[in-house]
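[1] please work out how this folds:
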Amino acid sequence: MAVKLQDVAKLAGVSVTTVSRVINNYGSLSDKTIKKVHDAMAELNYHPNALARAMQGKSSKFVGLIIPNLTNPFFAELVNAIQLKLFEKGYKTIIASSAENETIEHEYLGMLQANQVDGIISSSHNLGIDEYQRITAPIVSFDRYLADNIPIVSADNYAGGKLAAEFMVKRGMKRVAVMVDEDTSTSPTLMRVQGAVDVFTAAGIDYTPVDLHRETIQSLFPGDFDAVIASNDMAATEIAETVLAAGRKPYDDFLITGYDGSELMRRLSPRLPTIVQPISAIADRLIETLLAQMNNETLSETEPLPVKFVEGE
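    Residues are numbered from 1 along each chain as shown. This next block holds a predicted model:
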């Protein structure tokens with residue numbers, strides 16, 4: 001049988017109204033009374049119904065996270081940071097992995113709105129989803145353009161692209177492949193390619209854009225290239241394996257740079273030169289921006305968060 005508010009009140013020796021005030025953090029109550037109610041809730045394993053609270057116009061204390069996938073260590077570490085930081089602020093998270101599938105993301109968006117989450121943080125890679133134009137809940141995006149009214153938090157993609165290209169120039173690479181994204185919107189990630197292109201153009205170095213949505217790593221590399229700027233660390237390590245299987249030496253006679261710099265990938269591939277994104281700072285900025293929206297506050301436009309380049313061992 002489900003535990004009711006009345007059961008908590010009876011065990012704590014207080015009124016139902018007092019239990020409700022403790023749950024909703026409303027009014028002035030003694031620490032002793034609050035502890036008695038919390039102890040009773042714990043003993044009875046009672047949990048307030050977040051959906052019922054939301055339907056009454058109260059905060060559900062839930063935030064929805066939509067990410068492309070959890071197989072990429074960068075997103076796994078970012079979600080972990082967001083989840084822990086939100087918990088410290090009294091919020092719990094509902095994590096939805098869209099698996100880079102528009103149908104799945106459509107269903108998750110409906111679920112999050114139906115469950116009346118207080119806000120949504122999205123790093124969707126399924127661009128052009130109409131629902132984002134109509135969402136009424138506060139929402140903030142990481143690194144992707146979703147709709148005109150949705151703020152975007154990002155690290156400095158342009159600087160990241162420049163740093164990777166400058167490393168190639170310094171090492172004397174002449175035939176460089178640059179992985180591009182099929183995203184044709186105004187998402188900040190496009191600036192990675194622009195940063196690299198500007199450096200190569202200024203240095204007079206030949207570069208070739210490649211799109212892994214149309215071709216495979218195995219069909220492209222090593223090919224006639226002597227280097228590649230990969231779009232993320234996972235792609236970079238797969239390229240390294242392909243190059244090694246072809247009899248070349250990755251990071252020596254075939255240069256590769258990654259992107260993201262998650263702790264896991266830097267441990268697994270210590271030789272990989274990569275752009276390190278500041279995961280903790282990104283999580284802080286996403287939460288700060290979302291909470292400002294939830295409180296109807298206006299945040300001034302901020303600069304992209306700084307990235308750094310690690311050459312690898």
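[2] residues contacting Leu86?
    By Cβ atoms under 8 Å, 6 or more residues apart in numbering, Leu86 lies in contact with 63, 92-93, 287. For glycine as for every other residue, the C-beta is placed from the backbone atoms N, C-alpha and C.
[3] can you rerun that using 10 Å?
    Leu86 sits next to 61-63, 65, 92-93, 119, 121, 283, 286-287, 290-291 when contact means Cβ atoms under 10 Å, 6 or more residues apart in numbering.
[4] pretty sure it sits in a helix.
    Yes - using DSSP: H, G, I helix; E, B strand; the rest coil, the assignment for Leu86 is a helix.
[5] show me the shaky parts of the stretch 51-200 of the chain.
    Applying pLDDT under 70 to the stretch 51-200 of the chain picks out residues 51-59, 99-100, 111-116, 125-131, 181-186.
[6] where do the strands of it begin and end?
    Remark: strands assigned in the stretch 51-200 of the chain by DSSP state E, counting those that start in this stretch are 62-67, 92-97, 119-122, 139-142, 152-153, 175-179.
[7] still on that earlier bit, how about the contacts of Leu86 in a markdown table, adding distance to Asp143 and neighbour count?
    Below are these laid out as a markdown table (distance: Cβ to Cβ, whole Å; neighbours: other Cβ atoms under 10 Å):
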| residue | distance to Asp143 | neighbour count |
| --- | --- | --- |
| Lys61 | 26 | 16 |
| Phe62 | 23 | 20 |
| Val63 | 18 | 27 |
| Leu65 | 14 | 24 |
| Lys92 | 24 | 13 |
| Thr93 | 19 | 17 |
| Gly119 | 18 | 21 |
| Ile121 | 11 | 25 |
| Ala283 | 13 | 23 |
| Leu286 | 10 | 25 |
| Ile287 | 15 | 22 |
| Leu290 | 15 | 24 |
| Leu291 | 19 | 19 |
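[8] isn't Asp211 up against Val180?
    Yes - contact criterion Cβ atoms under 10 Å: Asp211 and Val180 qualify, at 5.4 Å.
[9] out of the contacts of Leu86, who's nearest Ser30?
    Using Cβ to Cβ, the shortest approach to Ser30 within the contacts of Leu86 belongs to Lys61, at 23.3 Å.
[10] how near is the closest one to Met294?
    Distance, Lys61 to Met294, using Cβ to Cβ, to the nearest Å: 11 Å.
[11] compute the first-to-last residue distance for stretch 304-313.
    Using Cα to Cα, to the nearest Å, the end-to-end distance of stretch 304-313 comes to 28 Å.
[12] which parts of that stretch are buried?
    Neighbour counts over stretch 304-313 (16 or more other Cβ atoms under 10 Å) mark 304-305, 307, 309-310, 312 as buried.
[13] quickly list what's touching both of Lys61 and Met294.
    Shared contacts of Lys61 and Met294, defined by Cβ under 10 Å, 6+ apart, are found at 91, 118.
[14] what is the nearest of the buried residues of stretch 304-313 to Leu272?
    Gly312 (5.1 Å).
[15] local confidence estimate at that closest one?
    You'll see Gly312 listed with a pLDDT of 84.
[16] my guess is it meets Thr274, correct?
    Yes - with contacts counted by Cβ under 10 Å, Gly312 reaches Thr274, the gap being 7.1 Å.
[17] what do those two both touch?
    Residues touching both Gly312 and Thr274 by Cβ under 10 Å, 6+ apart: 256-258, 266.
[18] in helices only, show me those residues.
    Judged by DSSP state H, helices contain the following of the shared contacts of Gly312 and Thr274: Arg266.
[19] quick check on the shared contacts of Gly312 and Thr274: which are buried?
    256-258, 266.
[20] and these, which is closest to Ala9?
    Within those, proximity to Ala9 (Cβ to Cβ) peaks at Arg266, which comes in at 52.5 Å.
[21] pretty sure the closest one is touching Leu272, no?
    Yes - assessed by Cβ under 10 Å, Arg266 is found in contact with Leu272 at 7.6 Å.
[22] what residues are shared contacts of those two?
    233, 258, 310, 312-313.
[23] next, the contact list for Val210, please.
    Contacts for Val210 (Cβ under 10 Å, 6+ apart) come out as 177-180, 217, 219-221, 223, 225, 228-231.
[24] list the contacts of Asn72.
    Listed by Cβ under 10 Å, 6+ apart, the contact set of Asn72 reads 78, 232-235, 260, 262, 264-265.
[25] okay, among those, which ones form the most distant pair?
    The distance between the two most remote of the contacts of Asn72 (Cβ to Cβ) is 17.5 Å, for Leu78 and Ala235.
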